[in-house]
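>>> Got a sequence here, can you build the structure:
(one chain, ligands or ions: 1)
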Amino acid sequence: MKIAFFSTQAYDRASFDTANRTRGHELIYHADALHDGTAPMAASCGAVCAFVNDRLDEPTLNALALGGTHLIVLRSAGYNHVDLPAAARHGLTVMRVPAYSPRAVAEHAVALMLTLNRNIHRAYNRVRDGNFDLNGLIGFDMAGKTLGIVGTGKIGTALARILTGFDCRLLAHDPVQAPDCVALGVVYVDLPTLLARADIVSLHCPLTSETRHLIDATTIAQMKRGSMLINTARGALLDTRAVIDALKTREHLSYLGIDVYEEEGPLFFADRSSTIIQDDVFERLTTFPNVVITGHQGFLTREALAEIAAVTLDNVTDFVAGRPRIDRVVTSPA
Ligand code: NAI
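Numbering: from 1, shown residues only. Model (predicted):
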């Protein structure tokens, strides 16, 4: 099938070209993000492949359907950026890659924890500058600390498995208990209890209307003093302004590690080093010594990229054959 790709980077093109050698689809790559203005670029393409910051709202979906698209394949697990009822109304099937490498994201969450804890970001700069002063770099042993995992799906469970090796005490909050986590000794508690007890809180739940701003001024006030917050899930799980206020006082929140940001759409996935960034909230975050930010790279391992490409192209093949895998279909026309 002819597939129009949006928001592609060089690494996307490399992994999809490799995966397509044995699959034989026609791949058309666009660097532009998908929105109603760029949707006509997919005209005559039966499938469109989109990424996390593409805008799949009603006008865009309408334009894609008018151009002859029947299938949207997301090269992501999350699908909060798609207006699903609108997709179904316009006769579009939406498929995703439910699990490509949960460990890649879980390992990235651990990288953020250790960087913040042991001040690796500051030590790196000091040593390069010939400054071997250790003052201000004191960390803490992970062993014996309490880790709170919010969302124990595939990534949260992978994280629990890693942290078991650190001899951490594990708490979790999730409406559904994962048998693997229970077997690892993870104790499920309500969110206020988790926030009050955890030295490190790591978010791994999807962004929904219920979880938007899950961490706001009220829930931050419930957090243990001096705790660390890690968010590799979706930016809008945090009320960023409330988080900044909390970081300024350092009372409840002493460290923040994020791979995602509420307003990341206009910022991430491009080199903006020669421009003046207009987002003052983001810029304020970058001034804190106790904040580490990465630009949505939790998924970015060789293994995950290969799996994303293989599953995405298989989703197209299965759809064409009339047997789409039900666990990968997010919505389909009624
Ligand atoms: P999953 O669907 O396997 O697990 C999500 C878990 O969250 C489920 O167990 C669900 O019951 C739970 N949950 C739902 N509502 C909740 C709530 N209100 N409170 C607590 N738990 C709740 O998803 P997976 O694969 O583990 O991914 C988690 C999130 O990670 C995705 O939704 C996505 O936003 C993000 N992600 C980030 C990536 C990155 O590169 N930074 C890459 C892949 C995913």
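>>> Spatially nearest residue to V97, not counting backbone neighbours?
Distances taken as C-beta to C-beta, 6 or more residues apart in numbering place V311 nearest to V97, at 4.5 Å, with adjacent residues excluded. Backbone N, C-alpha and C define where each C-beta goes, glycine included.
>>> that's a helix at that neighbour, yeah?
Yes: the assignment for V311 is a helix, going by DSSP: H, G, I helix; E, B strand; the rest coil.
>>> Now do the contacts for it.
Residues in contact with V311 (C-beta atoms under 8 Å, 6 or more residues apart in numbering) are V97, Y100, R328.
>>> Just give me the neighbour total for the second one.
Residue neighbour count, defined by other C-beta atoms under 10 Å, stands at 25 for Y100.
>>> Please report the distance of the residue nearest to V97 from G298.
17 Å (C-beta to C-beta, to the nearest Å).
>>> tell me the pLDDT at the residue nearest to V97?
pLDDT recorded at V311 is 97.
>>> Also A111?
Model confidence at A111 (pLDDT) stands at 98.
>>> Just give me the closest of the contacts of V311 to T211.
Using C-beta to C-beta, V97 comes nearest to T211 of these, at 20.9 Å.
>>> Which secondary structure state does that closest one sit in?
Applying three-state DSSP: V97 is coil.
>>> Of the contacts of V311, just say which sits nearest to the ligand.
Distance to the ligand, by C-beta to the nearest ligand atom, is smallest for Y100 among the contacts of V311, at 7.7 Å.
>>> Apart from its chain neighbours, what residue comes closest to the closest one?
E307 (4.0 Å).
>>> The one you found touches R103, doesn't it?
No: shown here, E307 and R103 do not form a contact pair, counting by C-beta atoms under 8 Å, at 11.0 Å.
>>> List the contacts of the residue in the stretch 51-200 of the chain that the ligand sits nearest to.
In the stretch 51-200 of the chain, the residue that lies nearest the ligand is G153 (1.7 Å; C-beta to the nearest ligand atom). Listed by C-beta under 8 Å, 6+ apart, the contact set of G153 reads D174, A178, H204, C205.
>>> Of those, which are in range of the ligand?
Residues of the contacts of G153 in contact with the ligand (C-beta under 6 Å from any ligand atom): D174, H204, C205.
>>> Strands along the protein, start to end?
With DSSP state E as the criterion, the chain has strands at 2-5, 26-29, 47-50, 71-74, 93-95, 146-150, 169-173, 187-188, 200-203, 227-231, 253-258, 291-293, 329-331.
>>> who does the second one pair up with?
Strands that pair with strand 26-29, judged by DSSP bridges, come out as strand 2-5 (parallel).
>>> Grab the nearest non-local neighbour of the residue nearest the centre of the chain.
Residue closest to the mean C-alpha point of the chain, counted by C-alpha atoms, centre = their mean, is A233 at 4.0 Å. Spatial nearest neighbour of A233, chain neighbours left out: L203 (4.8 Å); criterion: C-beta to C-beta, 6+ apart.
>>> Kindly report the same for R161.
Leaving aside its sequence neighbours, R161 sits nearest to L184 (C-beta to C-beta, 6+ apart; 6.5 Å).
>>> Which positions in the stretch 201-334 of the chain make contact with the ligand?
Close to the ligand, as judged by C-beta under 6 Å from any ligand atom, the stretch 201-334 of the chain has residues 204-207, 210-211, 232-234, 259-260, 296, 298-299.
>>> what do you get for the stretch 1-150 of the chain?
So far as C-beta under 6 Å from any ligand atom goes, the stretch 1-150 of the chain lies against the ligand at A77, G78, A99, P102, V105, V150.
>>> what about the chain, any weak spots by pLDDT?
For the chain, no stretch has pLDDT under 70.
>>> what's V176 in contact with, if anything?
V176 sits next to T152 when contact means C-beta under 8 Å, 6+ apart.
>>> Quickly note the distance from it to V243.
Counting by C-beta to C-beta, the gap from V176 to V243 is 27 Å.
>>> Then D314?
According to C-beta to C-beta, D314 stands 39 Å off from V243.
>>> Of these two, which one has the most company?
Remark: of D314 and V243, V243 carries more neighbours, 23 against 18, as counted by other C-beta under 10 Å.
>>> Q297: what's its closest spatial neighbour, skipping adjacent residues?
In space, Q297 is closest to D259, 6.5 Å off (C-beta to C-beta, 6+ apart).
>>> Am I right that the one you found is in contact with V292?
No: using C-beta under 8 Å, D259 is not in contact with V292; the gap is 9.4 Å.
>>> Now for these two: what residues contact both?
L112.
>>> who has more neighbours, these two?
It is D259, of D259 and V292, that has more neighbours when counted by other C-beta under 10 Å, with 26 against 23.
>>> per-domain residue ranges of the protein.
Domain assignment for the chain by automatic domain parsing gives 2-100+301-331, 102-293.
>>> which residues of the stretch 1-150 of the chain fall in helices?
Taking DSSP state H, counting those that start in this stretch to define them, one finds helices in the stretch 1-150 of the chain at 10-20, 58-66, 84-89, 102-118, 120-128.
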